[in-house]
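> generate coordinates for the sequence data below:
(chains A, B, C and D)
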Number of protein chains: 2
Amino acid sequence: MFPALPPMPGRKAPEAIRRDEILRAAYRVAARDRLGGLTIRAVATEAGVSAGLLLFHFESKDGLLVDLLDWMLAHTIVAGELHRRPPPGTPPVVWLLAIVERDLAHLLKQRERVELFYDFWVLGTRHPVIRRLIRRALHRYRDAFRPAAQAIIAAEPLRYVGLNADDLAGVCAAFIEGCATQTILDPTRFDAVRAMATLQALVLQPEAVVS
Amino acid sequence: MFPALPPMPGRKAPEAIRRDEILRAAYRVAARDRLGGLTIRAVATEAGVSAGLLLFHFESKDGLLVDLLDWMLAHTIVAGELHRRPPPGTPPVVWLLAIVERDLAHLLKQRERVELFYDFWVLGTRHPVIRRLIRRALHRYRDAFRPAAQAIIAAEPLRYVGLNADDLAGVCAAFIEGCATQTILDPTRFDAVRAMATLQALVLQPEAVVS
DNA sequence: GTTGACATTGAACGCGCGTTCAACGTATGT
DNA sequence: ACATACGTTGAACGCGCGTTCAATGTCAAC
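Sure, this is the predicted structure:
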């Protein structure tokens, strides 16, 4: 990429670069053919290397899977980080609903990645290392709702007595994940926008309904 | 089982009986080892027959999978059918929440089956026939919420203008499915009972909070 | 008793998978 | 120029899978 690199002490194609190339190829294969089509040979072909080399850089297919999920969680499934600041003047419930709405819309735009994520989710059901990674990702996802949830509970402590921000954030995450499972399998019948509107109508006080 | 059967015109072990035996064995294997461990040989061993016989009764592994899912949906994932009648005197929202609560509790008691269902869900992502079956099951599941959802909208039409009972039922289903995905992967951290209480606090008017 | 249709077996085939390994570059340090 | 260490290949191994099939068993009909 750069015309004349200084003669690094590293070898021909240093480990880090090759690993990243292979991981990118693995993601391309997985996004296209899902985890069921992710074979060592397929990834090697996609990356333009031999299968042997792949197992020289990743000790096993298991290692490749774990590293791929790690890479995905770091590179593609970016949690919404921008909407953590409360818009001034809006009631906390409206703020939380806005976050849910934006996250849901964002999720539905990357169907490919979400499907792949569910592949890993199922894999994590029996694979402890994968499970740990998925859990951490879900926790991080849930945490994005915590500030708004905290504000809601602080505003009406009597209403939410015995409950905390984690519970409320978990409910938001559950709603979004449930929408994802429904819309992925049945995009024609499940309308996430209408579901979001329904949730707003359910939760918001009638006089607080906004445009 | 019965001492002296009348000499039926059927053969030694008639097709329907063998098929059912094999399907039960397949379910036992799948419940234990999930879809990843469901091989023709494993099912045949579990059923006490040969692999060849299994493919004599089911034309292929694909056929076995489809028939197994069909069997599961008919035998094990029983949708709650009892709570369709509105308890007299309770507001519709409370009624709907009660249904959600019962369904969620019921779901969490059969973790094994739900995990297996998600295996099929992922499979359905690429397998049209499986997808059709899963869709139908989810639709039936959603329909269980329709009567109560209908009552809610009928009670406050202005609040839900532009929305219908299907939308509201879909939201309920999404919540439950999201709870399932969270609790299966992380049963120690996600507490479905607290999530349910949170949902009630969110939706119910403060004066309507019941025990 | 003989026939014929169905149920059942067990061995085999072919394939794709993850993995191993000896051999061969290729660039670096001396 | 030589030695060394690393990157890379391609062929091969072994395994488990779905699937096939000729052979055998079993029962009802005639």
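
> shaky segments in chain A?
Low-confidence segments of chain A, defined by pLDDT under 70, are located at A:1-13, A:76-84, A:206-211.

> how about the helices in it?
For chain A, helices defined by DSSP state H occupy the ranges A:15-33, A:40-47, A:51-57, A:61-75, A:92-108, A:111-124, A:128-143, A:146-155, A:165-185, A:192-203.

> of those helices, which is nearest B:Leu73?
Closest approach to B:Leu73 among these (C-beta to C-beta): helix A:165-185, 14.3 Å. C-beta: built from backbone N, CA, C; applies to glycine.

> ok, how many other residues are close to A:Arg140?
A:Arg140 sits with 12 neighbouring residues when counted by other C-beta atoms under 10 Å in any protein chain shown.

> now the helices of chain A as TSV including distance to DNA strand D?
Output for these, formatted as TSV (distance: least, C-beta to the nearest atom of the strand, whole Å):
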stretch	distance to DNA strand D
helix A:15-33	4
helix A:40-47	7
helix A:51-57	2
helix A:61-75	12
helix A:92-108	33
helix A:111-124	17
helix A:128-143	20
helix A:146-155	43
helix A:165-185	23
helix A:192-203	36
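
> which of the ones you listed is buried the deepest?
Here the criterion is mean neighbour count by mean count of other C-beta atoms under 10 Å in any protein chain shown, and of the helices of chain A the winner is helix A:165-185, at a mean of 24.

> quick one: that one to chain centroid distance?
Between the centre of helix A:165-185 and the centre of its host chain there is 12 Å, according to C-alpha atoms, centre = their mean, to the nearest Å.

> between the helices of chain A, which gets nearest to chain B?
The closest approach between chain B and any of these, judged by C-beta to the nearest C-beta, belongs to helix A:165-185 at 3.1 Å.

> touching chain B at all, that closest one?
Yes - contact between helix A:165-185 and chain B is present through A:167-168, A:170-171, A:173-179, A:181-182, A:184-185 (criterion: C-beta under 8 Å from any C-beta of the partner chain).

> hang on, the earlier thing: could the helices of chain A go into CSV alongside distance to B:Ile152?
Output for these, formatted as CSV (distance: least, C-beta to C-beta, whole Å):
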stretch, distance to B:Ile152
helix A:15-33, 40
helix A:40-47, 50
helix A:51-57, 55
helix A:61-75, 39
helix A:92-108, 18
helix A:111-124, 30
helix A:128-143, 28
helix A:146-155, 22
helix A:165-185, 17
helix A:192-203, 8
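
> nearest to B:Ile130 among these would be which one?
Ranking the helices of chain A by proximity to B:Ile130 (C-beta to C-beta) places helix A:165-185 first, at 10.0 Å.
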